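Colleague: Here you go, sequence then predicted model.
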Amino acid sequence: MTGPGRREVEHEITVRAPAATAYRLIAEVAEWPRIFPPTVHVDHLERAPGHERIRIWATAEGEAKTWTSRRVLDPGGLRIEFRQEVSAPPVASMGGAWVIEPVGEDESRIRLLHDYRAVGDDPDDLAWIDRAVDHNSRAELAALKVNMERAVDSADLLLSFEDTVRIAGSAKDAYDFVNDAHLWRERLPHVARVSLTEETPGLQTLEMDTRTKDGSTHTTRSVRVCFPHQRIVYKQIVTPALMTLHTGAWLFTDTGDGVTVTSRHTVMINPDTITKVLGEGAGVAEAREFVRTALSGNSLATLGHARAYAESRA
């Protein structure tokens, strides 16, 4: 029963995917940045049969947030219960469940349940949480539907790749170059404009204009989660027209006599914009090649400058 200041809400959607597939994609939280628009990154803190503790970084109404949750997984009952262990203000407590119901062999109903309270039961904060939960739930379920159905029909739209360089310098210096993205306009020729905010240490919002080979620019906006001096993971929340998804990571591995730095990308091609961006006659294969060439080019340029920076300080 709902008490004073406590909300209980439910959202649902029907997807053209078997119930087992729906459950698996929701259970495997490492896939969430690919499936759910608000989710930037998820780390497992503890794992045991049927139970897990996870930390989630995500956006809520345009703001980057992080929290820790415990989950109870019931694959037989197609149900996953969750409860935030440490909520981010203005949320005082948050929990709920994913419930998957088979509609037929190839169709499922997914119900997303939430219960929550605001800090101090403040009505304005509760209204903010209402809006955030409603917006994120609708976005999550809509994206889940699209990504599940694309997984069945269009696996060739998903593209993952990486580039690696060896640096005769320290992991700290290489990491600092990538972490200090507010300096990229002065340091990287392909960056025309950059804006970096970091209200919470290690949680950055990065917006920049990147120059292409023809001299034009495109704007991207990313949320980055930074783990000194080991990795920086990110998700673009404003992507170029040819993509519906772009997640990535910068990985720094100390080798004893230097460091290897890897730039990793996962992209979902937007099939609706291929001919608009690349011209008539272009298809998914051409889009994959174009995206890989462009992203690898920028990554290798950044890695090259990071190497020069780190080696000059060695």
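Modeller: Perfect, I can see it now.

Colleague: Spatially central residue for this structure, please.
Modeller: Geometric centre of the chain, nearest residue: residue 40, 2.8 Å, by C-alpha atoms, centre = their mean.

Colleague: Mind telling me what element it is part of?
Modeller: strand 39-48 (DSSP states H and E).

Colleague: by contact count, what packs against that strand?
Modeller: For strand 39-48, the elements it packs on are helix 32-35, strand 51-60, strand 217-227, strand 231-238, judged by 3 or more C-beta pairs under 8 Å, 6 or more residues apart in numbering; DSSP states H and E. C-beta: built from backbone N, CA, C; applies to glycine.

Colleague: Please tell me how far that strand is from the chain's geometric centre.
Modeller: Centroid displacement of strand 39-48 relative to its chain, using C-alpha atoms, centre = their mean, to the nearest Å, is 13 Å.

Colleague: Would you mark the buried spots in it?
Modeller: For strand 39-48, the neighbour count (16 or more other C-beta atoms under 10 Å) marks 39, 40, 41, 42 as buried.

Colleague: Quick check: residue 159 touching residue 290?
Modeller: No. Counting by C-beta atoms under 8 Å, residue 159 stays clear of residue 290, with 10.7 Å between them.

Colleague: Those two: which is more packed in?
Modeller: More neighbours surround residue 159 than the other of residue 159 and residue 290, with 20 against 16 (other C-beta atoms under 10 Å).

Colleague: Tell me the spatial nearest neighbour of that one, not counting adjacent residues.
Modeller: Leaving aside its chain neighbours, residue 159 sits nearest to residue 267 (4.7 Å; criterion: C-beta to C-beta, 6 or more residues apart in numbering).

Colleague: quick one, what contacts the one you found?
Modeller: Residues near residue 267 by C-beta atoms under 8 Å, 6 or more residues apart in numbering: 158, 159, 160, 243, 245, 246, 291, 295.

Colleague: List the buried residues for the longest helix belonging to the chain?
Modeller: In the chain, assigned by DSSP state H, the helix with the most residues is helix 123-153. Using 16+ other C-beta under 10 Å as the test for burial, helix 123-153 gives 125-126, 128-129, 132-133, 136-137, 140-141, 143-145, 147-148, 150-151.

Colleague: and it, how far from the chain's centre?
Modeller: The mean C-alpha position of helix 123-153 is separated from the chain mean by 14 Å, C-alpha atoms, centre = their mean.

Colleague: who does the next helix or strand after it touch, helix- and strand-wise?
Modeller: Next in sequence after helix 123-153, counting helices and strands by DSSP H and E, comes strand 158-167. In this structure, strand 158-167 makes packing contacts with strand 259-269, helix 284-312, judged by 3+ C-beta pairs under 8 Å, 6+ apart.

Colleague: what inclination does the strand holding residue 40 have with respect to helix 123-153?
Modeller: 80 degrees (axes from the mean of the first three to the mean of the last three C-alpha atoms, to 10 degrees).

Colleague: Let me know the angle separating strand 39-48 from strand 231-238.
Modeller: 140 degrees.

Colleague: Packing partners of the lengthiest strand in the chain?
Modeller: In terms of residue count, the longest strand belonging to the chain (DSSP state E) is strand 91-104. Secondary-structure packing of strand 91-104 (3+ C-beta pairs under 8 Å, 6+ apart): helix 19-27, strand 79-86, strand 107-118.

Colleague: Can you check which of those gets nearest to residue 67?
Modeller: Minimum separation from residue 67 across the helices and strands packed on strand 91-104 (C-beta to C-beta) falls at strand 79-86, 5.0 Å.
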